[in-house]
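Asker: could you look at this predicted model? Sequence included:
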Amino acid sequence: MGRAAAVTAEVLAWWLLLTGGWLVLISTVDALECLVGAAAALLAAVAAAAARRATSGW
């Protein structure tokens, strides 16, 4: 697995986990809530992957 594929897989895993957590915590699931949650989760997933790479020296 190449480096780009590994980073993509890590961001995807974080995104799925964070989006799932968002959907569990909101009270009403509608299209706008899903879109906002998915976008926020994507930003957090990229930040989490970047932070892990920065601290591990990868």
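Answerer: Ah, there it is. What you see is a predicted model, and the numbers here were worked out from it, not measured in a lab.
Asker: which parts of the protein are helices?
Answerer: Under the criterion DSSP state H, the chain contains helices at 3-25, 31-56.
Asker: those helices into a markdown table, with extra columns for mean pLDDT and mean neighbour count?
Answerer: Any C-beta I mention is one placed from the backbone N, CA and C, and that applies to glycine too. Shown next, in a markdown table, are those (pLDDT from 0 to 100; neighbours: other Cβ atoms under 10 Å):
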| stretch | mean pLDDT | mean neighbour count |
| --- | --- | --- |
| helix 3-25 | 93 | 13 |
| helix 31-56 | 92 | 13 |
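Asker: per-residue pLDDT, Trp58?
Answerer: pLDDT, Trp58: 60.
Asker: show me what contacts the residue nearest the centre of the chain?
Answerer: The residue lying closest to the centre of the chain (Cα atoms, centre = their mean) is Trp15, at 2.3 Å. Going by Cβ atoms under 8 Å, 6 or more residues apart in numbering, Trp15 touches 38, 41-42, 45.
Asker: any idea how far Gly37 is from it?
Answerer: Per Cβ to Cβ, to the nearest Å, Trp15 is found 11 Å from Gly37.
Asker: please apply the same query to Glu10.
Answerer: For Glu10, the distance to Gly37 equals 20 Å [Cβ to Cβ].
Asker: now swap in Val7 and tell me
Answerer: Remark: distance between Val7 and Gly37 (Cβ to Cβ) = 22 Å.
Asker: what of Leu16?
Answerer: From Leu16 over to Gly37 the distance is 12 Å, taken as Cβ to Cβ.
Asker: nearest to Gly2 among the contacts of Trp15?
Answerer: Closest approach to Gly2 among the contacts of Trp15 (Cβ to Cβ): Ala45, at 19.2 Å.
Asker: can you pull the contacts of the nearest residue to Ala38 once chain neighbours are set aside?
Answerer: Spatial nearest neighbour of Ala38, excluding adjacent residues (Cβ to Cβ, 6 or more residues apart in numbering): Thr19 at 5.4 Å. Neighbour list for Thr19: 37-38, 41 [criterion: Cβ under 8 Å, 6+ apart].
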